[in-house]
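>>> I would like to see how this sequence folds:
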Amino acid sequence: MTRRRPPARRRTRRPGGRRQRDAQLGVVLLAVVLVLALVVAVVQWLLAHWWVIVVVLVLAVLAGVGWLYRRQQQARWEAVRAQGLRYGLPQLDGLHHSKFEDAIRDLMRRDGCSNAARVGGGGDLGADVKATDPYGRRWVIQCKHRRNGVRGSAVGTPDLQVLNGTARQVHGADVAVIVTNGRVTAPAVAFAKQQRLHVVDRQTLGVWAAGSRPLWELLRAVPPPRKPSAFS
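Below is the predicted model:
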(Lines give C-alpha, C1' and ligand atoms only; values in the text may rest on other atoms or scores of the structure.)
Protein backbone atom coordinates (compact mmCIF):
# COMPACT_ATOMS: atom_id res chain seq x y z
CA MET A 1 0.00 0.00 0.00
CA THR A 2 1.22 3.49 -0.81
CA ARG A 3 1.08 6.10 1.82
CA ARG A 4 -0.65 9.37 0.96
CA ARG A 5 1.31 12.50 1.53
CA PRO A 6 -0.32 14.95 3.86
CA PRO A 7 -1.67 18.00 2.03
CA ALA A 8 0.72 20.95 1.94
CA ARG A 9 -0.17 23.73 4.26
CA ARG A 10 -1.03 27.00 2.64
CA ARG A 11 1.08 29.88 3.73
CA THR A 12 -1.02 32.63 5.14
CA ARG A 13 0.15 36.19 4.98
CA ARG A 14 0.40 37.90 8.25
CA PRO A 15 -1.85 40.95 8.41
CA GLY A 16 0.71 42.83 10.50
CA GLY A 17 3.04 43.69 7.58
CA ARG A 18 0.24 45.11 5.48
CA ARG A 19 -1.06 47.14 8.36
CA GLN A 20 2.42 48.57 8.95
CA ARG A 21 2.74 49.60 5.29
CA ASP A 22 -0.70 51.20 5.37
CA ALA A 23 0.25 53.11 8.52
CA GLN A 24 3.48 54.39 6.90
CA LEU A 25 1.60 55.45 3.78
CA GLY A 26 -0.93 57.27 5.94
CA VAL A 27 1.84 59.16 7.74
CA VAL A 28 3.42 60.21 4.42
CA LEU A 29 0.07 61.38 3.04
CA LEU A 30 -0.63 63.33 6.21
CA ALA A 31 2.77 65.01 6.01
CA VAL A 32 2.16 65.96 2.37
CA VAL A 33 -1.23 67.40 3.23
CA LEU A 34 0.21 69.43 6.11
CA VAL A 35 3.03 70.80 3.94
CA LEU A 36 0.59 71.79 1.20
CA ALA A 37 -1.70 73.41 3.76
CA LEU A 38 1.23 75.36 5.18
CA VAL A 39 2.32 76.51 1.73
CA VAL A 40 -1.22 77.63 0.88
CA ALA A 41 -1.49 79.49 4.18
CA VAL A 42 1.84 81.27 3.62
CA VAL A 43 0.88 82.24 0.07
CA GLN A 44 -2.47 83.58 1.21
CA TRP A 45 -0.83 85.54 4.00
CA LEU A 46 1.73 87.05 1.62
CA LEU A 47 -0.99 87.97 -0.85
CA ALA A 48 -2.85 89.70 1.95
CA HIS A 49 0.34 91.41 3.16
CA TRP A 50 2.08 92.06 -0.19
CA TRP A 51 4.00 94.98 1.24
CA VAL A 52 6.13 92.51 3.24
CA ILE A 53 7.46 91.07 -0.04
CA VAL A 54 8.26 94.57 -1.25
CA VAL A 55 10.14 95.41 1.95
CA VAL A 56 12.15 92.17 1.82
CA LEU A 57 13.09 92.74 -1.83
CA VAL A 58 14.14 96.34 -1.13
CA LEU A 59 16.28 95.25 1.81
CA ALA A 60 17.88 92.50 -0.29
CA VAL A 61 18.67 94.96 -3.09
CA LEU A 62 20.14 97.47 -0.63
CA ALA A 63 22.27 94.75 0.97
CA GLY A 64 23.52 93.61 -2.43
CA VAL A 65 24.33 97.16 -3.51
CA GLY A 66 26.16 97.79 -0.25
CA TRP A 67 28.21 94.61 -0.59
CA LEU A 68 29.10 95.45 -4.20
CA TYR A 69 30.05 99.00 -3.25
CA ARG A 70 32.36 97.77 -0.48
CA ARG A 71 34.01 95.32 -2.86
CA GLN A 72 34.59 98.05 -5.45
CA GLN A 73 36.00 100.42 -2.83
CA GLN A 74 38.31 97.72 -1.55
CA ALA A 75 39.50 96.94 -5.09
CA ARG A 76 40.14 100.62 -5.77
CA TRP A 77 42.05 100.99 -2.51
CA GLU A 78 44.17 97.96 -3.28
CA ALA A 79 44.91 99.33 -6.77
CA VAL A 80 45.92 102.72 -5.38
CA ARG A 81 48.03 101.05 -2.70
CA ALA A 82 49.73 98.82 -5.24
CA GLN A 83 50.51 101.70 -7.60
CA GLY A 84 52.10 103.68 -4.80
CA LEU A 85 53.96 100.79 -3.17
CA ARG A 86 57.63 101.64 -2.65
CA TYR A 87 60.38 100.26 -0.43
CA GLY A 88 63.76 101.68 0.40
CA LEU A 89 66.69 99.35 1.01
CA PRO A 90 67.06 100.40 4.68
CA GLN A 91 63.38 99.57 5.15
CA LEU A 92 63.86 96.14 3.57
CA ASP A 93 66.97 95.51 5.67
CA GLY A 94 64.97 96.06 8.86
CA LEU A 95 62.29 93.49 8.02
CA HIS A 96 61.97 90.02 9.46
CA HIS A 97 62.69 87.39 6.83
CA SER A 98 58.99 86.46 6.60
CA LYS A 99 58.03 90.13 6.17
CA PHE A 100 60.70 90.39 3.49
CA GLU A 101 58.92 87.60 1.62
CA ASP A 102 55.65 89.50 2.06
CA ALA A 103 57.28 92.60 0.57
CA ILE A 104 58.47 90.66 -2.48
CA ARG A 105 54.97 89.24 -2.92
CA ASP A 106 53.45 92.73 -2.71
CA LEU A 107 55.91 94.08 -5.27
CA MET A 108 54.92 91.32 -7.68
CA ARG A 109 51.27 92.23 -7.12
CA ARG A 110 52.13 95.86 -7.80
CA ASP A 111 53.61 94.76 -11.12
CA GLY A 112 50.32 93.13 -12.12
CA CYS A 113 50.67 89.59 -10.73
CA SER A 114 47.30 89.45 -9.02
CA ASN A 115 47.75 85.86 -7.81
CA ALA A 116 51.17 86.43 -6.20
CA ALA A 117 51.36 84.45 -2.96
CA ARG A 118 53.94 83.79 -0.28
CA VAL A 119 54.46 80.06 0.12
CA GLY A 120 57.73 80.08 2.04
CA GLY A 121 58.15 78.02 5.18
CA GLY A 122 59.24 74.59 6.24
CA GLY A 123 59.41 72.24 3.27
CA ASP A 124 58.90 74.99 0.68
CA LEU A 125 61.42 73.28 -1.64
CA GLY A 126 63.11 76.52 -2.64
CA ALA A 127 59.96 78.56 -3.36
CA ASP A 128 59.11 81.51 -1.13
CA VAL A 129 56.90 83.45 -3.54
CA LYS A 130 54.92 82.23 -6.56
CA ALA A 131 53.22 84.44 -9.13
CA THR A 132 51.91 84.57 -12.67
CA ASP A 133 52.65 87.77 -14.57
CA PRO A 134 50.23 89.46 -17.01
CA TYR A 135 51.96 87.61 -19.87
CA GLY A 136 51.16 84.18 -18.44
CA ARG A 137 54.68 83.37 -17.23
CA ARG A 138 54.96 81.50 -13.93
CA TRP A 139 57.49 82.96 -11.49
CA VAL A 140 59.11 81.10 -8.63
CA ILE A 141 61.13 83.32 -6.30
CA GLN A 142 63.47 82.32 -3.52
CA CYS A 143 64.14 85.07 -0.98
CA LYS A 144 67.41 85.45 0.92
CA HIS A 145 67.12 88.18 3.51
CA ARG A 146 70.23 89.44 5.26
CA ARG A 147 69.63 91.43 8.44
CA ASN A 148 72.99 93.17 8.00
CA GLY A 149 72.36 93.89 4.34
CA VAL A 150 75.50 94.03 2.26
CA ARG A 151 77.59 93.21 5.34
CA GLY A 152 75.76 89.92 5.82
CA SER A 153 76.77 86.54 4.45
CA ALA A 154 76.79 86.33 0.67
CA VAL A 155 74.38 84.21 -1.33
CA GLY A 156 76.44 81.40 -2.84
CA THR A 157 76.20 78.66 -5.43
CA PRO A 158 74.52 76.15 -3.04
CA ASP A 159 71.55 78.50 -2.72
CA LEU A 160 71.25 78.67 -6.51
CA GLN A 161 71.54 74.90 -6.77
CA VAL A 162 68.49 74.42 -4.54
CA LEU A 163 66.47 76.80 -6.71
CA ASN A 164 67.71 75.15 -9.89
CA GLY A 165 66.74 71.70 -8.65
CA THR A 166 63.13 72.53 -7.76
CA ALA A 167 61.92 75.68 -9.51
CA ARG A 168 61.13 74.11 -12.89
CA GLN A 169 60.87 70.43 -12.06
CA VAL A 170 58.75 70.77 -8.91
CA HIS A 171 57.05 74.16 -9.19
CA GLY A 172 56.73 74.44 -12.99
CA ALA A 173 58.49 77.81 -13.19
CA ASP A 174 59.04 79.72 -16.42
CA VAL A 175 61.16 82.24 -14.55
CA ALA A 176 63.25 81.16 -11.55
CA VAL A 177 64.57 84.03 -9.44
CA ILE A 178 66.59 84.47 -6.28
CA VAL A 179 66.20 87.81 -4.50
CA THR A 180 68.47 89.14 -1.79
CA ASN A 181 69.14 92.41 -0.04
CA GLY A 182 72.73 91.28 0.43
CA ARG A 183 75.66 90.17 -1.69
CA VAL A 184 75.93 87.41 -4.29
CA THR A 185 79.20 85.62 -4.96
CA ALA A 186 80.74 85.68 -8.44
CA PRO A 187 80.55 81.86 -8.80
CA ALA A 188 76.85 82.03 -7.95
CA VAL A 189 76.26 84.65 -10.64
CA ALA A 190 78.14 82.51 -13.17
CA PHE A 191 76.14 79.42 -12.18
CA ALA A 192 72.89 81.37 -12.55
CA LYS A 193 73.80 82.36 -16.11
CA GLN A 194 74.66 78.79 -17.00
CA GLN A 195 71.38 77.43 -15.64
CA ARG A 196 69.12 80.25 -16.90
CA LEU A 197 68.38 81.47 -13.39
CA HIS A 198 67.86 85.12 -12.52
CA VAL A 199 69.60 86.91 -9.68
CA VAL A 200 68.13 90.04 -8.12
CA ASP A 201 71.00 91.39 -6.05
CA ARG A 202 70.90 94.36 -3.70
CA GLN A 203 71.37 96.92 -6.45
CA THR A 204 68.62 95.50 -8.68
CA LEU A 205 66.33 95.07 -5.68
CA GLY A 206 66.80 98.73 -4.77
CA VAL A 207 65.84 99.88 -8.27
CA TRP A 208 62.84 97.55 -8.39
CA ALA A 209 61.49 98.25 -4.90
CA ALA A 210 61.89 102.04 -5.04
CA GLY A 211 60.68 102.48 -8.63
CA SER A 212 57.66 101.60 -10.70
CA ARG A 213 59.08 99.31 -13.40
CA PRO A 214 58.08 95.64 -13.20
CA LEU A 215 60.78 93.13 -12.43
CA TRP A 216 60.74 91.54 -15.90
CA GLU A 217 61.86 94.86 -17.39
CA LEU A 218 64.92 94.88 -15.13
CA LEU A 219 66.08 91.33 -15.86
CA ARG A 220 67.81 90.02 -18.94
CA ALA A 221 66.83 87.01 -21.05
CA VAL A 222 63.36 86.61 -19.54
CA PRO A 223 61.33 83.96 -21.42
CA PRO A 224 58.87 85.26 -24.02
CA PRO A 225 55.23 85.78 -23.05
CA ARG A 226 52.93 82.77 -22.94
CA LYS A 227 49.90 84.82 -23.99
CA PRO A 228 49.05 88.33 -25.20
CA SER A 229 48.34 90.93 -22.57
CA ALA A 230 46.97 94.42 -22.19
CA PHE A 231 50.52 95.41 -21.27
CA SER A 232 51.84 94.32 -24.68
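>>> what sits against Val43?
By CB atoms under 8 Å, 6 or more residues apart in numbering, the contact list for Val43 is empty. Quick note: C-beta positions are derived from backbone N, CA and C, even for glycine.
>>> Rank the helices and strands of this structure by mean pLDDT and give me the bottom one.
Using mean pLDDT, DSSP states H and E, helix 50-83 stands out as the lowest-scoring helix or strand of the chain, at a mean of 76.
>>> Where does the nearest residue to Val52 once chain neighbours are set aside sit: helix, strand or coil?
Spatial nearest neighbour of Val52, chain neighbours left out: Leu46 (6.6 Å); criterion: CB to CB, 6 or more residues apart in numbering. Of the three states, Leu46 takes helix under DSSP: H, G, I helix; E, B strand; the rest coil.
>>> distance of Leu46 from Gly64?
Distance, Leu46 to Gly64, by CB to CB, to the nearest Å: 21 Å.
>>> So between these two, which is more surrounded?
Between Leu46 and Gly64, Leu46 has the larger neighbour count (other CB atoms under 10 Å), namely 13 against 10.
>>> my read: the more buried one touches Val56, true?
No: between Leu46 and Val56 there is no contact under CB atoms under 8 Å: 9.9 Å.
>>> Per-residue pLDDT of the residue nearest the centre of the chain, please?
Nearest to the geometric centre of the chain sits Asn115, at 7.0 Å (CA atoms, centre = their mean). On the pLDDT scale, Asn115 is placed at 94.
>>> check contacts around it.
By CB under 8 Å, 6+ apart, Asn115 lies in contact with 131-132.
>>> Let's see that with 6 Å instead.
Asn115 makes contacts with Thr132, as judged by CB atoms under 6 Å, 6 or more residues apart in numbering.
>>> for Lys227, same thing?
With CB under 6 Å, 6+ apart, Lys227 has these contacts: Gly136.
>>> Also Val140?
127, 130, 167, 171, 173, 176.
>>> The fourth one and Arg105, how far apart?
Here the distance between His171 and Arg105 works out to 15 Å (CB to CB).
>>> So for those two, which sits in the more crowded spot?
Per other CB under 10 Å, whichever of His171 and Arg105 has more neighbours is Arg105, with 22 against 18.
>>> how about the helices in the protein?
For the chain, helices defined by DSSP state H occupy the ranges 15-48, 50-83, 89-93, 97-110, 157-166, 186-194, 202-210.
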